[in-house]
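[1] with the input below, show me the fold.
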Amino acid sequence: MISDPAMEAAEEAAIASYPEECCGFLYGSETGHTVKVEAARSVENRQQERRTHHYFITPEQYLEGETFAERSGYELVGIYHSHPDHPAIPSQYDLDGALPGFVYLILSIRQGATAGRKWWELAGDRSKFLEIVPGAVEPMPDKS
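    Numbers count the residues shown, from 1 in each chain. Down below sits the predicted model:
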């Protein structure tokens, strides 16, 4: 489940960074196999080359993300990033940098507009991504 404000924040970041990839953290809670995403926070893509096809989050940015989660009462539950002019399907580069235990939201941005989004998780053996089935992560009502 993802809150509307969190999805809007991720999509706005993806559109603003087009034609380069954006990236950011997903915050919320995890209970059993259910992940609730309540906030999304963009981080600077530190990839030096091929920013239209790759993103990189530094260890320092992960530390800052964890600190934000602790101060906000959230857990760091995942990562989002965009695929400019490509489908919302993980690449080998995405697989190589993936961390177990996170959910991954990939936003397809075509010509500066959202064209699709898919949720993924890393397989237990880290050999591939598994698409999270519809309903496992879905919009949740606003708390306001």
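[2] contacts and neighbour counts: CA atoms only from here.
    OK.
[3] all strands of the chain, in order?
    Counting by DSSP state E, the chain has strands at residues 2-3, 23-31, 34-43, 75-84, 103-110, 113-122, 129-131, 139-140.
[4] now the angle from the third one to strand 75-84?
    Think strand 34-43. 60 degrees (axes from the mean of the first three to the mean of the last three C-alpha atoms, to 10 degrees).
[5] can you list contacts of strand 34-43?
    Applying C-alpha atoms under 8 Å, 6 or more residues apart in numbering, the contact partners of strand 34-43 are 1-3, 5-7, 9-10, 13, 22-30, 57, 61, 77, 136-137.
[6] low-confidence ranges, this protein, go.
    Per-residue confidence for the chain (pLDDT under 70) gives these ranges: 134-144.
[7] contacts only, for the residue nearest to the spatial centre of it.
    With distances taken as C-alpha atoms, centre = their mean, the chain has Tyr80 as the residue nearest its mean C-alpha position (1.3 Å). Going by C-alpha under 8 Å, 6+ apart, Tyr80 touches Ala10, Cys23, Gly24, Phe25, Leu26, Tyr104, Leu105, Ile106, Leu107.
[8] could you dump those residues to TSV with distance to Thr114 and neighbour count?
    Shown next, in TSV, are those (distance: C-alpha to C-alpha, whole Å; neighbours: other C-alpha atoms under 10 Å):
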residue	distance to Thr114	neighbour count
Ala10	10	27
Cys23	15	28
Gly24	16	26
Phe25	18	24
Leu26	18	30
Tyr104	16	25
Leu105	13	27
Ile106	11	25
Leu107	7	29
